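Q: build me a model:
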Amino acid sequence: MSVFEGKGVVFNHKRKYILGLWEEICGKLSRTSLDNISSYKDDICEIFKEMKRLELFKVEEGEKAKHVSSNKKSLKKVKRKLATLQGEREGLEAVLEAAKKKVEEVQAKILATEDEISSYENMSLLTLEDSLRLEQKREYLEASRQDLTNYKLRLD
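A: Sure, this is the predicted structure:
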């Protein structure tokens, strides 16, 4: 049994009790002469106070139940949004990881090309064919550096 159901049970029993008192007072009033009715004034006022208090209790309980229901809906929305964001995060992490691997591959190719160029530069005499290959490697190196720069810009 939830808190609200328990309070509802107490409220219903109090309401029945007060209505019973009211019926009893009404019965006594109907059998009492007009001169003696003022003797019931305090009892009647007390019953009215309790009836008013119970009505306020009922309104407050209803507001709390609405508030709890609203909070549950908000919590469900937040959980759905969190799940969506988590999925997006995982997707972005996968893209980032793939980009990092691509950058590493390009860096490895650049290093290999630089090493190859260094080996050509250390030769005492270059043939025409070697010079052409060296120029092609330099162009490839420059293009690879440009690719690396582009990847880094995209990651940032």
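
Q: in the lowest-mean-pLDDT helix or strand in the chain, what's buried?
A: Ranking every helix and strand in the chain by mean pLDDT, DSSP states H and E puts helix 3-31 at the bottom, with a mean of 73. With burial defined by 16 or more other CB atoms under 10 Å, the residues of helix 3-31 counted as buried are K7, R15, I18, L21, W22, I25. Using the backbone N, CA and C atoms, a C-beta is placed for each residue, glycine as well.

Q: turn the residues you listed into JSON lines, columns for distance to K76.
A: Below are those laid out as JSON lines (distance: CB to CB, whole Å):
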{"residue": "K7", "distance to K76": "25"}
{"residue": "R15", "distance to K76": "34"}
{"residue": "I18", "distance to K76": "39"}
{"residue": "L21", "distance to K76": "44"}
{"residue": "W22", "distance to K76": "44"}
{"residue": "I25", "distance to K76": "49"}
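
Q: among the residues you listed, give me the pair with the biggest separation.
A: Spanning the widest gap among the buried residues of helix 3-31 are K7 and I25, at 26.5 Å by CB to CB.

Q: on that earlier part again, can you name the element that comes right after the least confident helix or strand of the chain?
A: Proceeding N to C from helix 3-31, the next assigned helix or strand is helix 41-121, under DSSP states H and E.

Q: quick one, that following helix and helix 3-31 angle?
A: If you take axes from the mean of the first three to the mean of the last three CA atoms, to 10 degrees, helix 41-121 sits at 170 degrees to helix 3-31.

Q: counting contacts, what elements does helix 41-121 pack onto?
A: Applying 3 or more CB pairs under 8 Å, 6 or more residues apart in numbering; DSSP states H and E, we find helix 41-121 packed against helix 3-31, helix 128-155.
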